[in-house]
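J.: got a predicted model here, sequence first, then my questions.
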Amino acid sequence: MNKIIFSTTLLSTLISTSSFAFEVYSNDDSSLLLGGRVEPRFNVSDANEVNPGDSSFEDISRARIYIDGTTRVNDDVSVFGFYEGELTSESNTSDIENRYMYAGVATGFGAFSYGKQDSAQVILTDVTDIMETFGGSASDLVEGNQDKRENNFVYQLEIPFGVTATANYIASDKENNDSAGLSLIYDDPIGFAFGVGYVDGKQNDVDANQMNVVASYAVGDFYMGGIYVSGEIDNVDVDGYEIAAAYTLDDFVFRYVYNNRDADDKAKISDYEVDYHAIEGVYNVTNNFLGYAGYEFNRLDGKQNDDQFQAGIRYNF
């Protein structure tokens, strides 16, 4: 029974959802949770001055709501569904973006789901994607490595000794643009984690593949993680890495990241270079309300790569 409970909740817990969700309905066999966030925030950078008359100040506020349901069919099988939508100020419309929307079946031998959900590599890239503001810019060399992938089949299994295996297949709406990936991550009880992953397929009608290697260590109030990525897009070698660190002091959290990515043939693979440091401070006013501010020190040339300041407040429910 414990394996089934694990299978039905693992996919949802890997997504950044609130632990303050309201339990709409619950009985011996089913549960339905409702949660979300309201997050007013803004960004200040000369890079926001894209058109004449544009200001360096840009509002990037957002709100999210999610529904997470699980039903036990019998002692061996459970079914689950998850939905998360987002409304942003950037769109200037009342349209809600479907961030996640999937459903599946779980057994003691793992969970299988289909819909819009993360690739098998996101459990690895989350090791360094720890900030409220910046970071997570260098690890996705190919589209099949990213989160929130549509038409995505995912299978996830907890292997003994703290290993989680995830496999996925993305069936593209475009012909000959499918991709598939596999990842393994080991989480040691003393705070050490190590993972590897690989994704292969096509994007925009060209071959694209990527390998990921990650490691992290958490001890007391200190955390650090790193990821190295290497791949090939249309016969061009691309690689990158990210470093992340965090320290918690009472209700304060201080974070740092460094992101770097480069391609061998910049003429063929354009606008791919990433090179910046970022720092961030977070203050948890209560368990479900926080404020944060971060600054990105961009090392690349050009106005589009200007330094950025970002701040916001967030209420979780």
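T.: Everything's here; your move.

J.: quick one, strands of the stretch 51-200 of the chain?
T.: Ranges of strands in the stretch 51-200 of the chain, per DSSP state E, counting those that start in this stretch, are 57-59, 62-72, 77-88, 97-107, 110-117, 149-159, 163-170, 179-187, 192-203.

J.: including mean neighbour count, distance to residue 237 and mean pLDDT, could those go into a markdown table?
T.: C-beta coordinates here come from the backbone N, C-alpha and C atoms, glycine included. Listed next are those as a markdown table, based on neighbours: other CB atoms under 10 Å; distance: least, CB to CB, whole Å; pLDDT from 0 to 100:
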| stretch | mean neighbour count | distance to residue 237 | mean pLDDT |
| --- | --- | --- | --- |
| strand 57-59 | 14 | 35 | 96 |
| strand 62-72 | 19 | 36 | 97 |
| strand 77-88 | 19 | 35 | 97 |
| strand 97-107 | 18 | 32 | 97 |
| strand 110-117 | 21 | 29 | 98 |
| strand 149-159 | 18 | 24 | 97 |
| strand 163-170 | 20 | 23 | 98 |
| strand 179-187 | 20 | 18 | 98 |
| strand 192-203 | 19 | 15 | 97 |
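
J.: burial check on residue 237, number of neighbours?
T.: For residue 237, the count of nearby residues is 13 (other CB atoms under 10 Å).

J.: repeat that for the one 5 residues further on.
T.: For residue 242, the count of nearby residues is 26 (other CB under 10 Å).

J.: that one and residue 257 touch, don't they?
T.: Yes - with contact defined as CB atoms under 8 Å, residue 242 counts as touching residue 257 (6.5 Å).

J.: give me the common contacts of the two.
T.: Residues touching both residue 242 and residue 257 (CB atoms under 8 Å, 6 or more residues apart in numbering): 128, 135.

J.: which strand residues bridge residue 167?
T.: Per DSSP bridges, the residues bridged to residue 167 are residue 155, residue 182.

J.: and it, what does it touch?
T.: 120, 154-156, 180-183.

J.: can you list those residues in TSV and add distance to residue 77?
T.: Shown next, in TSV, are these (distance: CB to CB, whole Å):
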residue	distance to residue 77
120	23
154	17
155	15
156	16
180	26
181	26
182	24
183	25
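
J.: residue 122 reaches residue 147, doesn't it?
T.: Yes - if you go by CB under 8 Å, residue 122 and residue 147 touch, sitting 4.8 Å apart.

J.: so those two - more neighbours on which side?
T.: residue 122 (24 against 21).

J.: how near is the more buried one to residue 164?
T.: Per CB to CB, to the nearest Å, residue 122 is found 12 Å from residue 164.
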